[in-house]
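Novice: coordinates for the following, if possible.
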Amino acid sequence: MNTSALPIQMRGAPDIIRLHGHRGARGVLPENTLIGFRNTFEIGVRAVEIDIMITADGVPVLTHNPSLMAAATRGPDGRWLERDSKPVVQMSHDELQQFDVGGLRDGTAYAARYPDQAFLSGIKIPDLAQLVNMVLEPEFADVWLNIEIKSNPDHPDEAPTLPRLVAPVLAVINAAGIADRVLLQSFDWRVLTEIARQAPHIPRSYLTYETRKHPTMAVNVIDGSPWMDGASLAAHNGSIPQVVSNLGGAVWSPYFKDITAKALAEAQALGLVVNVWTVNERADINRMIDLGVDGIITDYPARAQRCLLAKGLSWHEDVTPMPR
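Specialist: Residues are numbered from 1 along each chain as shown. The predicted model follows:
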């Protein structure tokens, strides 16, 4: 059984599928930036998915990769980095503020993936406290933060030890009094175990990426994987939803190409919220809508809004579905 459950505002409901702006709205604005998050809230999406790394001096900052990407980072001299930076965990917060992450470098594969992303200058990597201050603004009093804490058990040098990784994030959340407006997630289930130890009242989301012929990232759900922190699929009839439920998870967050109708039904019957990631193409968004997932994490939240409205659905109680 789930030891921590999400309130209704983050659960799917009749005619409602929740939208989570992935890294803000990566398809149209620089990822994990305050301007991207504010834009997502202002278009009416009530949740954003963010990524957390910890600096050398213990500050939770909003960035995805262990090192700053050369394809998306300019140095203090205004020039593109020639190669990825040294690890974030080896840089102080002040050192990190010297970089500009407001654009993508033309000609790179990463830029080609997001041809509609705006190019801005003077955009710094925010820390978690800055985003929390934004969601404390009165107009954003009902928004949620879906916080992914980044860690890789195969590369322990890329993050602090688990207690030192989790504690600074919780400190910011608790200082602001927004524990009832956050969801904490990770692919590294050791992180979720540590969260359960330090803050069992905060709902946890178990991210999964299953075995495939040509994986583009680390497969994290396979028996014996260090990512699963000792949890066993074999002991649960091969069922990921059963494992997540047994661990006290509130959310199962699978890669959208992995989800099946059977697994979705099983997860929802166990009381799990199912949020799929990262769904960008209209055909895929529509397929997830038709499947009946609880939430869709997307780089294009406005696109997902239009897909929902076209089907007579919405993403929030205050949004009236369009007549069919």
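Novice: you'd agree residue 97 is up against residue 123?
Specialist: No: Residue 97 is not in contact with residue 123 according to CB atoms under 8 Å; the separation is 11.1 Å. Where you see a C-beta, it was placed from the backbone N, CA and C, and this is true even at glycine.
Novice: more neighbours, the two?
Specialist: residue 123 (19 against 15; other CB atoms under 10 Å).
Novice: in a helix, residue 235, correct?
Specialist: Yes: counting by DSSP: H, G, I helix; E, B strand; the rest coil, residue 235 falls inside a helix.
Novice: count of neighbours near it?
Specialist: Residue 235: 12 neighbours (other CB under 10 Å).
Novice: and it, how close does it get to residue 274?
Specialist: Using CB to CB, to the nearest Å, residue 235 is found at 22 Å from residue 274.
Novice: how about low-confidence regions in the stretch 151-300 of the chain?
Specialist: Within the stretch 151-300 of the chain, no stretch has pLDDT under 70.
Novice: so which residue is dead centre in this structure?
Specialist: The residue lying closest to the centre of the chain (CA atoms, centre = their mean) is residue 49, at 3.5 Å.
Novice: host element of it?
Specialist: Following DSSP states H and E, one finds residue 49 within strand 47-54.
Novice: and that strand, what does it pack onto?
Specialist: strand 18-22, helix 34-42, strand 60-62, helix 128-135, strand 144-149, helix 162-176 (3 or more CB pairs under 8 Å, 6 or more residues apart in numbering; DSSP states H and E).
Novice: and the fifth one, average pLDDT?
Specialist: For strand 144-149, mean pLDDT is 98.
Novice: need the contact partners of whatever helix or strand residue 283 lives in.
Specialist: For residue 283, the host element (DSSP H and E) is helix 282-291. Applying CB atoms under 8 Å, 6 or more residues apart in numbering, the contact partners of helix 282-291 are 17, 256, 259, 261, 264, 276, 279, 296, 298, 303-304, 307-308, 311, 313.
Novice: who wins for neighbours among those residues?
Specialist: residue 298 leads the contacts of helix 282-291 on contacts (other CB under 10 Å) with 30 neighbours.
Novice: quick one, phi/psi of that residue?
Specialist: phi -150, psi 150 (degrees, to the nearest 10).
Novice: my guess is it contacts residue 279. True?
Specialist: Yes: contact criterion CB under 8 Å: residue 298 and residue 279 qualify, at 5.1 Å.
Novice: what is in contact with these two at once?
Specialist: By CB under 8 Å, 6+ apart, the residues touching both residue 298 and residue 279 are 285, 304.
Novice: now do the closest residue in space to residue 225 that isn't next to it in sequence: how many residues are near it, please.
Specialist: Distances taken as CB to CB, 6 or more residues apart in numbering place residue 219 nearest to residue 225, at 7.3 Å, with adjacent residues excluded. Neighbour count for residue 219, taken as other CB under 10 Å: 14.
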